[in-house]
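[1] Quick one: sequence and predicted model below, then my questions.
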Amino acid sequence: MRRILLADADAFYVAVARAVDPDGAGKAPLLIVGGSRESRGVVCSASYETRKFGVRSAMPIARALRLCPDAVCVPVPFKACIQKSAEIRQLLHQFAPIVEGASIDEWYLDLTGTESVYHHEPLATTAERIRSRLREATGLTLSIGGGTNKLIAKMAVDRAKPSAGGNGVVIVEPGMEEAFLRSCTLADIPLVGPKFQARLARHGFITVEDVLRYDLATLQNWMRKREASWLWNRVHGVDDGDVRHRTMNRGISRDETFGKDLHDDADIERELLRLVTRAAADMRGDGLTARTVAVRLRDWDFKTRSAQRTLPEPVVSDRVILRVAHELLTTLRKVRRVPARLVGVRLSGLEKAAATGQLVMLTQETERDRGLSRAIDRVRQKFGAKAIVPGGIVEEQ
């Protein structure tokens, strides 16, 4: 029988922001993490006290401040968050042989086969032990859910969170999965979003129990077979996904919300150039390469669009990454050329950089490209990030 835990850091961005600024954010019960009060960005996270006013993640900061005018707003401490996430993961490895990072603030632990290590104590006791150790070592609190698979652990941790009135740990014992699921709504199931919920509601499906009244064949008459099978498995608690140890960061993202909406392609491209330069330099600083480049664009009306391309070989140079990013941005702008409020770039498919001089012919990245990028990195490291900048943004330095 599998023993799976999901550890979720409570209000992670808020907790880290308070830790790095104890005299500012640390003393503000009403806290919004995402940008300054004048920012045109969105809420990344908000303290539990602020959420009582209706403030939610992804909400425009301006709207959040109308709901909670007294809130203190701070930018996201990205570097501190990455460092704290790595610290937590390292500590979790003391308790489980396999730890999988689901996101920057969520980690799956597979404790299958460790019963004798923990003297056959209840899984809930082990979870409490993990919470105590992490709180002592990092100052952060975790909510932990557990069960016989990742799906049950994910749904259990949502019940354990302070925002749901939980006490920090919810374990669904083997054989109790159906009873647990019958107490859930379909909205509680991961990946059942608002649009899918609306379609299900047209059939009278609101809770898990509503769906359990029907067999798979009946569900397949009402929706696509693949979709019906997926839903059938979920409401029955079926999830064969393994917890896998992932040592590599899933991606490096950089984005910018503009002070005023940008209309001209040249202005948006200038911001994209700045972001690509930062993301590529950070990636090389970590000794990594990327195979996938993605560009995200948020229009004036908050409609968010994205495009990505996976390259045949991993790359590291600004020139090649920028070329791909430029082509992706051009595609997005051709489809809908309206004022933009945000642009972002993401590098993923990360791998350790190979210590060879082999040319990457399929992506037209040469050793000269890579050598030039490394030389620029060394200059910036010695004289500062603004020592060498692309000509396209030099006017703003």
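    All right, it came through fine.
[2] only C-alpha atoms for contact and neighbour calcs from this point on.
    Will do.
[3] what packs against the helix or strand hosting Gln308?
    Element membership for Gln308 (DSSP states H and E) is strand 304-315. Secondary-structure packing of strand 304-315 (3 or more CA pairs under 8 Å, 6 or more residues apart in numbering; DSSP states H and E): strand 288-299, helix 318-335.
[4] average pLDDT across it?
    Strand 304-315 comes out with an average pLDDT of 90.
[5] Buried residues of it, list them for me.
    Ser306, Ala307, Gln308, Leu311, Pro314, Val315 (16 or more other CA atoms under 10 Å).
[6] Now do the contacts for the second one.
    In other words, Ala307. Contacts for Ala307 were tallied using CA atoms under 8 Å, 6 or more residues apart in numbering; they are Ala294, Val295, Arg296, Leu328, Leu329, Leu332.
[7] how about a cut-off of 6 Å?
    Ala294, Val295, Leu328 (CA atoms under 6 Å, 6 or more residues apart in numbering).
[8] Who wins on neighbours among these?
    Val295 (26 neighbours; other CA atoms under 10 Å).
[9] I'd say that residue and Val345 touch.
    Yes. Between Val295 and Val345 there is a contact under CA atoms under 6 Å: 4.6 Å.
[10] number of nearby residues for Gln197?
    The burial count for Gln197: 15, using other CA under 10 Å.
[11] what's the distance between it and Val208?
    Gln197 sits 12 Å away from Val208, going by CA to CA, to the nearest Å.
[12] Same check on Gly54?
    Taken as CA to CA, the span from Gly54 to Val208 is 27 Å.
[13] One more: Gln308?
    35 Å.
[14] what do you get for Gly35?
    For Gly35 relative to Val208 (CA to CA), the value is 38 Å.
[15] between those two, which one's more packed in?
    Legend: neighbour count by other CA under 10 Å for Gly35 and Val208, higher for Val208 (24 against 20).
[16] what's the closest non-adjacent residue to Asp8?
    Glu106 (4.5 Å; CA to CA, 6 or more residues apart in numbering).
[17] How many residues are close by Tyr214?
    Around Tyr214 there are 11 residues (other CA under 10 Å).
[18] Just checking, which helix or strand succeeds the helix or strand encompassing Gly145 along the chain?
    Applying DSSP H and E as the criterion places Gly145 in strand 142-147. From strand 142-147 onward toward the C-terminus, using DSSP H and E, the following helix or strand is helix 150-160.
[19] Show the model's pLDDT score for Ser373.
    65.
[20] Same question for the one 10 residues further on.
    Model confidence at Phe383, expressed as pLDDT, equals 52.
[21] any idea how far Asp242 lies from Thr148?
    Note on Asp242: its distance to Thr148, by CA to CA, is 11 Å.
[22] show me what contacts Val243?
    Counted by CA under 6 Å, 6+ apart, Val243 has contacts Glu100.
[23] gap between the residue nearest the centre of the chain and Lys334?
    Centrality entry for the chain: nearest residue to the mean C-alpha point is Ser103, 4.8 Å, by CA atoms, centre = their mean. Going from Ser103 to Lys334 by CA to CA gives 33 Å.
[24] and Lys352, what is it in contact with?
    Leu288.
[25] which residues does it bridge with?
    Leu288 (DSSP bridges).
[26] since we're on Ser47, how many residues are nearby?
    Neighbours of Ser47 (other CA under 10 Å): 22.
[27] Number of residues surrounding the closest residue in space to it that isn't next to it in sequence?
    Leaving out its chain neighbours, the residue that sits closest to Ser47 by CA to CA, 6+ apart is Leu31, at 5.4 Å. Residues lying near Leu31 (other CA under 10 Å) number 25.
[28] looking at it, Leu31 is touching Ala71, isn't it?
    Yes. If you go by CA under 6 Å, Leu31 and Ala71 touch, sitting 5.3 Å apart.
[29] Next, the angle from the longest helix along the chain to strand 288-299.
    In the chain, taking DSSP state H as the definition, the longest helix is helix 265-285. Counting by axes from the mean of the first three to the mean of the last three CA atoms, to 10 degrees, helix 265-285 points 150 degrees away from the direction of strand 288-299.
[30] Show me the contact partners of helix 265-285.
    Contacts for helix 265-285 (CA under 6 Å, 6+ apart): Arg254.
[31] hmm, back to that, any idea how far the residue nearest to the centre of the chain is from Ser253?
    In terms of CA to CA, Ser103 sits 13 Å off from Ser253.
[32] again, but for Arg159
    Where Ser253 is concerned, Arg159 sits at a distance of 30 Å (CA to CA).
[33] ok, now Arg305?
    In terms of CA to CA, Arg305 sits 15 Å off from Ser253.
[34] got it, and Thr310?
    16 Å.
[35] all strands for the stretch 51-200 of the chain, in order.
    72-74, 98-103, 106-110, 142-147, 169-171 (DSSP state E, counting those that start in this stretch).
[36] Point out the most buried one among those strands.
    strand 142-147 (a mean of 29; mean count of other CA atoms under 10 Å).
[37] Using PDB, write out every CA atom in that one.
    Output in PDB follows, covering the C-alpha atoms of strand 142-147 (Å, rounded to 0.1, in the frame of the first residue of the first chain):
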ATOM      1  CA  LEU A 142       3.300  23.500   6.200                       C
ATOM      2  CA  SER A 143      -0.100  21.900   5.700                       C
ATOM      3  CA  ILE A 144       0.200  18.200   4.900                       C
ATOM      4  CA  GLY A 145      -2.300  15.900   3.200                       C
ATOM      5  CA  GLY A 146      -1.800  12.200   2.800                       C
ATOM      6  CA  GLY A 147      -3.300   9.100   1.300                       C
END
